Structure formats: C-alpha cells, structure tokens
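K.L.:
Show me how the following folds:
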Amino acid sequence: MERENEVYVGRFYGERVRSITPDLVQTYSEGVEDFNPWYFGESPFGPAVAPALLLHSEVYKDLSWYLSVFGNLHARQEWELFHPMMLGDEVIARSQIIDRYTKRDRAYVVNEVSTFSGDGRLLNRGRTHQSFLKKRSSEAQVVVDKDREKRADRKFEVEDGEVLEELQAPAKFVSIEMCQKFSGPQKSYHNDVEAARALGFPDIVVQGMMALCFISEMMTNRFGIGWYQGGKMNVNLVNVVWQSETITARGLARSTSLEGSASRVHVDVWCEKEDGTKVVVGSASGLDL
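P.N.:
Next comes the predicted model:
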C-alpha cells in the first residue's frame, strides 16, 4: 500500500535518463579541476570514458525524499563501480529508499541510486546517507558553525599499522567558481552565501560529493581500469568544507586480497584541510589487474 507523502523503506522515486555528453563531462572537470585525458580522448576502454562519479548528485535531482531542508547534512556515502559510462551513452538512474535510522538528535534516510546502461547492465550504485534535524530549536538556529571542527570530538586520526603504499591527489583550492560549476546552476547553500545562511550555516557549505570526487580521482590515477570495474568506497563525511578552503585527498594501502585473477588493494582514504582537519574518512579499494 502506498503511504502518500511518507518517506518509507522501499519507496521508489522513479528513474531519469541521462545522456553522457561532452558538455556534462566538461562541467564536471571544471567543478573538481580533474582534466584526466581519458575524459577527452582515447582511454583504456577505447574512446573517451566519463569520470567514474560523473553522476555523483543524481540522488539530489529530486528532493521529495527529504524529511526537511533546514539543517540537513550529507553524513555517509557508499559507492560500487561495475562498468564505465562512455561519452555518447544514454544511461538510466533509478532511486529508491533502502533504510532509515536515528542517531542522537538526527534522523537518517538512505537513498540508493543505481545506474544502468540502455541494455540493463548495472554500471554503478551509490548509497547516500542524509541526516536531518529531528527538531528545529529556533528560527535563528545555527546548524554547524566554523568552530565545531576544533572540538576534540571532531578530530579524526588515521590509525597506525602496516602501510603498503601511499596515495595522494593534488591539493584543491575550492573556489566559488568550482562550487557554482559543481552544484549549479540553480542557487543553493552549496554555492550561495545567503542561501546557506537561510538554512542555518554561516557560509557556503561545499557539497560533500566534491571531496568524494577528489578521492575518486586519486583512485582512478592509481588503479585505472581496476577502479572503473570493481572500485568500492565507503566513507563518512565528518566535518564541513567551506568555500575557499584547500582540500587534499590521501590514502594508505593497508592490505591485499585475491579476487579471481586480480588482487584487490584495500585503502584507508580521507580528505583533509591544510591544518590537517579531516573532512572525509573511510575506506576504498580497487583492483590491480
């Protein structure tokens, strides 16, 4: 039985057909400053291949699954990559609620977006854990201020242990122009100061998916085909990135495991600000083929 206007586990939010065009790839590349030549010419797959997380924000094209807009935060993200999207492809993205849960003063909804080729092949799958305030305390409530990350409970350190290899992407200064490319063209708290203040934030909140794209760039550079076909990511978004901050994606390969004829490399990944503040922490893996 349909429960009108209720966000419940199992609710289907429809599908969208997306064309993988050069303009879409160009906008992505400018939004994250990732100009991998594979995106614009020959690639290991033959012709140009789309960035692995090109459709990073498909989950946000329809916000009718939101419990509220004020104070919402992207809390956790999972990605599984199975097959690349090529320039010129038409793909189908389907959205469905797969979980709900509560932690402290916030309610969480998990929206899974699965992307398929025209012939039904599963290309990738993302699970977005979005958190919402259970109760707004006042009209002037500040959801997150810039001092929060200085608290002891917002410090996240990388554990000691065996390191097989170090990974690192280029440092990225997140300009307002990048925010507008990545989270535009419509105004939102991800690219407009006034919109951010209206939702309880003191400044532009850089969209959480951007840091994950930085990690994907790092994994693409290291694993290539083994990221596009078999890549996995499971990360928590632990602190806010504000506009005009510099972010660097890093990783430590910890172990390997056999997977058929390939070797899966398990990596602790994170993104950090210039002062070492972690904004994303978690794990990822790719295949050495």
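
K.L.:
residue nearest the centroid of this structure?
P.N.:
Centroid check for the chain by Cα atoms, centre = their mean gives residue 209 as the closest residue, at 3.0 Å.

K.L.:
which SS class is that residue?
P.N.:
Recorded secondary structure, residue 209: helix (DSSP: H, G, I helix; E, B strand; the rest coil).

K.L.:
Residue 264 too?
P.N.:
Note that with three-state DSSP, the state of residue 264 is strand.

K.L.:
List the beta-bridge partners for it.
P.N.:
residue 257, residue 287 (DSSP bridges).

K.L.:
what residues are up against it?
P.N.:
230, 256-258, 285-288 (Cβ atoms under 8 Å, 6 or more residues apart in numbering). Where you see a C-beta, it was placed from the backbone N, CA and C, and this is true even at glycine.

K.L.:
Report pLDDT for it.
P.N.:
Looking at residue 264, its pLDDT is 98.

K.L.:
follow-up on the earlier one: look up how far residue 16 lies from the residue nearest to the centre of the chain.
P.N.:
According to Cβ to Cβ, to the nearest Å, residue 209 and residue 16 sit 17 Å apart.

K.L.:
returning to that earlier point: now the two most distant members of the contacts of residue 264.
P.N.:
Pairwise distances across those (Cβ to Cβ) peak at 14.3 Å, for the pair 258 and 286.

K.L.:
Quick check on these two: which one has the bigger neighbour count.
P.N.:
Applying other Cβ atoms under 10 Å to residue 258 and residue 286 shows that residue 286 carries more neighbours, namely 30 against 8.

K.L.:
and that one, what is it in contact with?
P.N.:
With Cβ under 8 Å, 6+ apart, residue 286 has these contacts: 219, 222-223, 226-227, 230-232, 264-265, 267.

K.L.:
hmm, try it at 10 Å
P.N.:
With contact set as Cβ atoms under 10 Å, 6 or more residues apart in numbering, residue 286 has these partners: 81, 167, 218-220, 222-233, 251, 253, 262-267.

K.L.:
shaky segments in the stretch 101-250 of the chain?
P.N.:
137-140 (pLDDT under 70).

K.L.:
check contacts around the residue nearest to residue 191 when sequence neighbours are not counted.
P.N.:
Distances taken as Cβ to Cβ, 6 or more residues apart in numbering place residue 179 nearest to residue 191, at 4.3 Å, with adjacent residues excluded. With contact set as Cβ under 10 Å, 6+ apart, residue 179 has these partners: 31, 188, 190-192, 204-207, 210, 241, 243-244.

K.L.:
SS state for residue 179?
P.N.:
Going by three-state DSSP: residue 179 is helix.

K.L.:
Touching, residue 251 and residue 219? I think so.
P.N.:
Yes - using Cβ atoms under 10 Å, residue 251 is in contact with residue 219, at 7.7 Å.

K.L.:
Neighbour count: the two, which is higher?
P.N.:
In this view residue 251 and residue 219 are compared by other Cβ under 10 Å, and residue 219 has more residues nearby, 30 against 23.

K.L.:
Find the helix or strand that that one is a member of.
P.N.:
Under DSSP states H and E, the secondary-structure element containing residue 219 is helix 208-223.

K.L.:
now for the following helix or strand past that helix, which elements pack on it?
P.N.:
Counting by DSSP H and E, the next helix or strand C-terminal to helix 208-223 is helix 225-228. Contacts defined by 3 or more Cβ pairs under 10 Å, 6 or more residues apart in numbering; DSSP states H and E place helix 225-228 against strand 73-81, helix 208-223, strand 262-273, strand 278-288.

K.L.:
All good on my end, thank you.
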